[in-house]
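Enquirer: Dropping the sequence and predicted coords here.
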Amino acid sequence: MMKRRIVFFTLIVVLLPSIIMAKGDPDRGKEIYDKRCWWCHGEEGAGDGPAAEFLNPPPRDFTAGMYKFKTTPFDEYTPTDQDLFNMIKGEFTKNSITGWTGMNDSSMPGWGDMLSEQDIWDLVAYIKTLGELEPPEKGSISYDSQIPPSEESIAKGREIFKEMCAECHGEEGRGDGTKKLKDDWGYRTWPRNLTKGWSFRISNDPKDIYTRITVGIPGTQMPSFADPASKKKLSDEERWHVANYVASLDEPYKKPTDNTVIKAVRIEEEVPEKPDDPVWDKAEYTSFYFVPQIIAKERHFTPSLNSISVKAVYNDKDIAILLEWDDRTYSLPGDKKAIEIADGEVFEDGVAIQLPIHIPDGSEKPYFGMGDASKPVNIWFWKSPSSKDAPQTIKLINAKGFEKQEERDPSEAGLKAVGTYNKGTWRVVMKRALKAGDPEKDIQFVSGKFIPIAFAAWDGSNQEKGSKHVMTTWYWLFLKPEPGIGVYAWPIVIALLVFGGELMWLRSARKK
Ligand code: HEC
Ligand code: HEC
């Protein structure tokens, strides 16, 4: 009897905090919401806060009670409380560069570093009142059947992917499918680029991918493959295989890191003019985030390109820079297919490199928006063909700010460029002599110095043209000097000093 009572009280003491915690207080939640969330999600939670019109994807409308990233089965409308909690806390999607948490590649921040767990439960309770959510009946899907990744599983997954996913996500998974997709709210959506694991809203862990395939992403065209009524149905086993395959598509070099320096490698052979030259294997990619251009008119808030990867090589005469970025669409003006998939008029795709004309001695860089009066810049601007029979073009622009641009003949500096598009990826090589043109008008490359460099790109199928584009801030280009005698000599000198010292010590030790 006594024993039972002890068990009972112990249970109460252990469970009470979690009973209270799980409940959350919607009134407190509202207070926090009115401070932290309304400017994106709207005062009434309808996804229409003052910042909303500038965000892509747009903030969730909580009044519909529909959530995209839930773990309950496809035929269960309501997410679990834990799903909402995880989404708001956001710690499982930590961005390695900014240190921010939140939903990757979207403006939804994580709040785990700012709000307490109780605050977040209170928010969960409040958000649920906005959409009048019924409690979920089924809970999260199970992962008991997980098939660990193996070559065999990945190979099976590849076949399933071709048949079930490629039409939207593209043959190689770069999101360059052939379908124009809208979500239930009428916004344009793009299938995720599955080779950029870092851009998954949740993560590219096989478990999370399996969840998305099994549950679908409600409100979007991403279907559930567990729905028996669907034409596209996969067995549980098949879903694990394709999840393992998708996880294997990740190309980690595309992930921007905190490395801000592109190391140009010195080579003996000719500098390559084309992107597919095997010489490029000698250099490594450095990747950077793109941000939309919002300083000058016309401002841009709905970018489609999110990063660029860059390599550089040089010899005693020339330098070549390889620019690689994923673009879901090959934007050929006038082309029927391009028009079908584009949003509005189709312009050319493009990419540009910005360099200071005079390499600064210190860390002082020109104004990154096309330089300024005292620190002018060179812009090398490549564009894809403007029609089926037109050539690609390269422009050379000298600028002292947005308003002061002078277009020059690229042959004055011997500037050349060649680009190729393949299954969702552009690769463009720009090549020039190290010393070229007029030193007052053209950058003269030198090794051993940190040269500021910045990039911009245009997706012509996303109505990007002129000042409407994405860009990076300044980074550095460094031409690694040839390892001369200076570099090699040092270890020998050091070895001699150490060895010599040791001999002295041995000698003096022997004497004793
Ligand atoms: C800077 C804008 C911004 C702020 C501030 C913001 N959010 Fe979001 N939130 C978003 C966007 C954008 C999405 C949609 C992302 C997507 O669709 O991929 C989103 C999505 C969500 C989701 C939906 C997840 C799902 O599975 O559908 C929840 C829940 C959420 N936000 C809660 C909050 C809470 C709570 C706060 C305040 C503590 C908050 N957000 C503050 C922009 C914001
Ligand atoms: C009809 C088009 C369509 C098909 C078919 C499709 N997807 Fe998707 N998928 C999408 C869209 C659209 C999104 C982005 C939804 C959003 O967040 O707005 C998406 C998103 C995803 C994500 C992102 C998850 C995250 O955390 O960000 C994964 C993973 C994914 N799909 C895998 C697959 C796999 C695997 C298949 C095949 C078994 C598949 N998809 C089939 C349209 C599709």
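Expert: Great, that's in hand. Numbers count the residues shown, from 1 in each chain. Ligands and ions are numbered 1, 2, ... in the order given.
Enquirer: just the helices in the chain please.
Expert: 2-23, 26-36, 38-41, 81-89, 117-130, 151-164, 166-169, 206-215, 236-248, 336-341, 485-511 (DSSP state H).
Enquirer: Give me every residue in the stretch 51-200 of the chain that's in contact range of ligand 1.
Expert: 51, 55, 57-60, 67-69, 84, 87-88, 103, 106-109, 111, 123, 127 (C-beta under 6 Å from any ligand atom). The C-beta positions use only the backbone N, C-alpha and C, and glycine is treated the same way.
Enquirer: Now do the contacts for residue 133.
Expert: 65, 78 (C-beta atoms under 8 Å, 6 or more residues apart in numbering).
Enquirer: residues making contact with stretch 224-238?
Expert: Stretch 224-238 has contacts (C-beta under 8 Å, 6+ apart) with 73-75, 145, 147, 156, 160, 164, 213-216, 223, 239, 242.
Enquirer: Quick one: end-to-end distance for stretch 303-310.
Expert: 20 Å (C-alpha to C-alpha, to the nearest Å).
Enquirer: Now do that stretch: distance to the chain's middle.
Expert: Offset of stretch 303-310 from its chain centre (C-alpha atoms, centre = their mean, to the nearest Å): 7 Å.
Enquirer: can you list contacts of it?
Expert: With C-beta under 8 Å, 6+ apart, stretch 303-310 has contacts from 56, 105, 190, 196, 199, 253-256, 262, 285-292, 321-328, 351, 455, 457, 459, 461-462, 470, 472.
Enquirer: Quick check: mean pLDDT of that stretch?
Expert: Mean per-residue pLDDT for stretch 303-310: 94.
Enquirer: and if you look at stretch 375-382?
Expert: 96.
Enquirer: Who are the contact partners of residue 365?
Expert: Applying C-beta under 8 Å, 6+ apart, the residues near residue 365 are 356, 375, 452, 474.
Enquirer: same thing with residue 318?
Expert: When contacts are counted by C-beta under 8 Å, 6+ apart, residue 318 touches 270, 271, 431, 432, 433, 434.
Enquirer: Over to residue 351?
Expert: Here residue 351 is in contact with 308, 323, 325, 381, 382, 419, 426, 428, 455, 456, 457, 458 (criterion: C-beta under 8 Å, 6+ apart).
Enquirer: Next, check those residues against the strands and list the overlap.
Expert: Judged by DSSP state E, the contacts of residue 351 include 308, 323, 325, 381, 382, 419, 426, 428, 455, 456, 457, 458 as members of strands.
Enquirer: I figured the last one was touching residue 464, is that so?
Expert: Yes: contact criterion C-beta atoms under 8 Å: residue 458 and residue 464 qualify, at 4.2 Å.
Enquirer: before we move on, back to that, quick one: which of the ones in strands among the contacts of residue 351 is nearest to ligand 2?
Expert: For those, the residue nearest ligand 2 by C-beta to the nearest ligand atom is residue 325; the value is 19.6 Å.
Enquirer: Once you drop chain neighbours, what's closest to the closest one?
Expert: residue 308 (4.4 Å; C-beta to C-beta, 6 or more residues apart in numbering).
Enquirer: give me the beta-bridge partners of the one you found?
Expert: Beta bridges link residue 308 to residue 288, judged by DSSP bridges.
Enquirer: ok, it to residue 290 distance?
Expert: Using C-beta to C-beta, to the nearest Å, one gets 6 Å for the distance from residue 308 to residue 290.
Enquirer: same check, this time on residue 428
Expert: 15 Å.
Enquirer: out of these two, which sits in the busier spot?
Expert: residue 428 (26 against 20; other C-beta atoms under 10 Å).
Enquirer: Enumerate the residues of this structure near ligand 2.
Expert: So the chain meets ligand 2 at 57, 68, 164-165, 167-169, 181, 189, 191-192, 200-202, 209, 212-213, 217, 220-222, 225, 242, 246 (C-beta under 6 Å from any ligand atom).
Enquirer: and the residue of the stretch 301-450 of the chain nearest ligand 2?
Expert: Closest contact between the stretch 301-450 of the chain and ligand 2, by C-beta to the nearest ligand atom, is at residue 328 (11.2 Å).
Enquirer: Now do the buried residues in stretch 460-472.
Expert: 460, 461, 462, 463, 464, 467, 468, 469, 470, 471, 472 (16 or more other C-beta atoms under 10 Å).
Enquirer: Residue 405 - how many residues pack around it?
Expert: 14.
Enquirer: mind listing what it touches?
Expert: Contacts of residue 405 by C-beta under 8 Å, 6+ apart are 370, 397, 398, 399.
Enquirer: mind running it again at 10 Å?
Expert: The contact partners of residue 405, by C-beta atoms under 10 Å, 6 or more residues apart in numbering, come to 370, 371, 377, 379, 397, 398, 399.
Enquirer: partner residues bridging it?
Expert: Under the criterion used (DSSP bridges), residue 405 bridges to residue 399.
Enquirer: Need the pLDDT of the closest residue to residue 244 other than its chain neighbours.
Expert: Nearest in space to residue 244, with sequence neighbours left out and distances taken as C-beta to C-beta, 6+ apart, is residue 149 at 4.2 Å. Looking at residue 149, its pLDDT is 97.
Enquirer: how far away is residue 149 from residue 471?
Expert: Distance, residue 149 to residue 471, by C-beta to C-beta: 37 Å.
Enquirer: Cross-reference the contacts of residue 405 with the strands and report the matches.
Expert: Going by DSSP E, the strands hold 377, 379, 397, 398, 399 from the contacts of residue 405.
Enquirer: near ligand 1, which of those show up?
Expert: Counting by C-beta under 6 Å from any ligand atom, no member of the ones in strands among the contacts of residue 405 reaches ligand 1.
Enquirer: will you turn those into JSON lines that also has neighbour count and distance to residue 361?
Expert: Listed next are those as JSON lines, based on neighbours: other C-beta atoms under 10 Å; distance: C-beta to C-beta, whole Å:
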{"residue": "377", "neighbour count": "27", "distance to residue 361": "17"}
{"residue": "379", "neighbour count": "19", "distance to residue 361": "22"}
{"residue": "397", "neighbour count": "17", "distance to residue 361": "25"}
{"residue": "398", "neighbour count": "19", "distance to residue 361": "21"}
{"residue": "399", "neighbour count": "22", "distance to residue 361": "22"}
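Enquirer: Okay, domains of this structure per the record?
Expert: 23-130, 151-248, 256-481, 484-512 (automatic domain parsing).
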